[in-house]
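**Student:** got a predicted structure plus its sequence, pasted below:
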Amino acid sequence: MKIALFATCIVDGMYPRAAQATVALLERLGHEVVFPKGQACCGQMHVNSGYFKEAVPVVANHVRAFESEDYDVAVAPSGSCVASVKHQHPMVARRAGHAGLEERATAVGKKTYELSELLVDVLGVTDPAIQLGSYFPHTVTYHPSCHGMRLLKLGDRQAGLLRGVKGLELVDLPEADQCCGFGGTFSVKNADVSSAMLADKTANIRSTGASVCAGGDYSCLMHIGGGLSRQDSGVATLHLAEILASTETEPAAVPGPAGQTVKVVVK
């Protein structure tokens, strides 16, 4: 297949290794990856803050960018951004009275998948250790992000992939379905509430004894990782894509002290 990479702002700007790992996984499976160069922000921050009118040109840009490229499906290493493309983009266009843009946004959304959704539902990955060579010999707990869980209905896809990684011990996270408190601009506008939610989340993560907290959204992992680092917990955060891309011949580095970058080599 020809697969278009939707990198997302936070991954492109702060955590490009998640995008690199995504590309490595897809190429490892024999697929061609293309990058629509016109892509930018999906507008999720605008919509979540109520700036629907201002979000219209952002949505239009995303639609143009992904209409300009020839591909079979698009993928992003982010449940929240994919949820925005699928659910918010048509709504924004509809509210603005742009029926044509709504139709085009809906068409782009139908071809856009979150990474685990694409791997499991479209590409048929059921055994990452065999099909991807995934190897990560660490104890891991897993935080399911709200948008992936509630809007995309990802269910057990991400956790199921983690369970199939050779050497990985997955420990259930208490109250896993509770929000980490990030929520984009929510964490800025409601800092005290956000911090209290984060404290609950990090306490649950630390109670598992895991050395790594995995997830499918670097926005949540950034928030969680900041809390764990300030607590000097020794627990690292790592994206699902990076764990799946880690191999036995070139494994991920053992997570270091809190706040230290975890280097993952992908091939």
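**Tutor:** Here it is on my side, so go on.
**Student:** and the helices in the stretch 1-150 of the chain?
**Tutor:** 9-13, 16-28, 44-48, 52-67, 79-83, 89-95, 99-110, 115-117, 128-131, 146 (DSSP state H, counting those that start in this stretch).
**Student:** ah, wrong one, I meant the stretch 151-267 of the chain
**Tutor:** Listed from the start of the chain, the stretch 151-267 of the chain has helices (DSSP H, counting those that start in this stretch) covering 157-163, 186-189, 191-207, 218-230, 240-245.
**Student:** please identify the most buried of the ones you listed.
**Tutor:** helix 240-245 (a mean of 28; mean count of other CB atoms under 10 Å). Glycine gets a C-beta too; all of them are placed from N, C-alpha and C.
**Student:** count the residues that sit near residue 57.
**Tutor:** By other CB atoms under 10 Å, the residues close to residue 57 number 11.
**Student:** swap in the one 3 residues further on?
**Tutor:** The tally of other residues near residue 60 (other CB under 10 Å) stands at 19.
**Student:** got it, and residue 172?
**Tutor:** Neighbours of residue 172 (other CB under 10 Å): 10.
**Student:** for it, what are phi and psi?
**Tutor:** Geometry field for residue 172 lists phi and psi as phi -60, psi 140, criterion degrees, to the nearest 10.
**Student:** residues in contact with it?
**Tutor:** For residue 172, the contacting residues are 141, 208, taking CB atoms under 8 Å, 6 or more residues apart in numbering as the criterion.
**Student:** what about residue 185, neighbour count?
**Tutor:** By the other CB under 10 Å criterion, the neighbourhood of residue 185 contains 14 residues.
**Student:** ok, it - contacts?
**Tutor:** Contacts for residue 185 (CB under 8 Å, 6+ apart) come out as 45, 48, 49.
**Student:** domains for the protein, by residue range?
**Tutor:** Taking automatic domain parsing as the domain assignment, the record places the domains of the chain at 2-121, 127-245.
**Student:** measure the longest one end to end?
**Tutor:** End-to-end distance of domain 2-121 (CA to CA, to the nearest Å): 16 Å.
**Student:** now stretch 170-188
**Tutor:** The first and last residues of stretch 170-188 sit 32 Å apart, counting by CA to CA.
**Student:** what's the answer for stretch 104-123, then?
**Tutor:** By CA to CA, the extent of stretch 104-123 from end to end equals 25 Å.
**Student:** any buried residues in stretch 30-50, and which?
**Tutor:** Buried residues in stretch 30-50, defined by neighbour count with 16 or more other CB atoms under 10 Å: 31, 33, 36, 39, 41, 42, 43, 44, 46, 47, 48.
**Student:** ditto for stretch 129-145
**Tutor:** Applying a neighbour-count criterion of 16+ other CB under 10 Å, the buried positions in stretch 129-145 are 129, 131-136, 138, 140-145.
**Student:** quick check, nearest of these to residue 25?
**Tutor:** Of all the buried residues of stretch 129-145, the one sitting nearest residue 25 is residue 132; the distance, using CB to CB, is 6.1 Å.
**Student:** would you list the phi and psi of that closest one?
**Tutor:** As for residue 132, its main-chain torsions (degrees, to the nearest 10) stand at phi -110, psi -10.
**Student:** returning to what we had before: dump the domains of the chain into CSV; add distance to residue 251 and mean pLDDT as well.
**Tutor:** Putting the domains of the chain into CSV (distance: least, CB to CB, whole Å; pLDDT from 0 to 100) gives the following:
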stretch, distance to residue 251, mean pLDDT
domain 2-121, 13, 97
domain 127-245, 6, 95
